[in-house]
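Enquirer: Take a look and give me a structure for this.
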Amino acid sequence: MNLISTRIITAQVEVLISFYEQVTGLTATRFTPDFAELKTKTATLAIGSTRTLQFFGGDSVAQPAQNRTVIIEFRVDDVQLLFEKLAVSLKSYILQEPTLMPWGNQSLLLRDPDGNLVNLFTPVTPEAVEKFRG
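Expert: The predicted structure follows:
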């Protein structure tokens, strides 16, 4: 089994697409006005409007901007450089500037416009680098 994608359900599709395009440097593929994807080398971040819930059983299946348990994580080449690039434009979304975590990653923590936690990280200790090698 392989994790292929994570989908965020939102009432503000274009706002979230813009945020994640800015954070990742990727361009989203918009399949419809209600659904887009940002593809990385290893997985996809999908963004769907609340209107897409009708295909999954209705509005009660998911509620936008209600997540308080999941962190969406992106490994980046240089989190400090990315922080310097995004610090002004995303200042209101930054929760924690780059910080060395006990498990060896330098992490920048953001909250997206819907309140979802986003961790941008770079492995920096030999053990963390080895973990993500290959």
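Enquirer: the domain parsing of the chain - what is it?
Expert: As assigned by automatic domain parsing, the chain contains the domains 1-58, 68-134.
Enquirer: Can you tell me what sits against the longest helix along the chain?
Expert: Using DSSP state H, we find that the single longest helix of the chain is helix 13-24. The contact list for helix 13-24, computed with Cβ atoms under 8 Å, 6 or more residues apart in numbering, reads 8, 10, 26-28, 30, 33-36, 38, 40, 45, 47-49, 74, 86, 89-90, 93, 110, 112-114, 118, 120. Placement of C-beta: from N, CA and C, glycine included.
Enquirer: just the buried members of these?
Expert: Among the contacts of helix 13-24, those buried by neighbour count (16 or more other Cβ atoms under 10 Å) are 8, 10, 28, 35-36, 38, 45, 47-49, 74, 86, 90, 93, 110, 112, 114, 118, 120.
Enquirer: Next one: the residue nearest to T52 when sequence neighbours are not counted from I71, what distance?
Expert: In this structure, T52 finds its nearest non-sequential neighbour in D34, 5.3 Å apart by Cβ to Cβ, 6 or more residues apart in numbering. D34 is 25 Å from I71, where distance means Cβ to Cβ, to the nearest Å.
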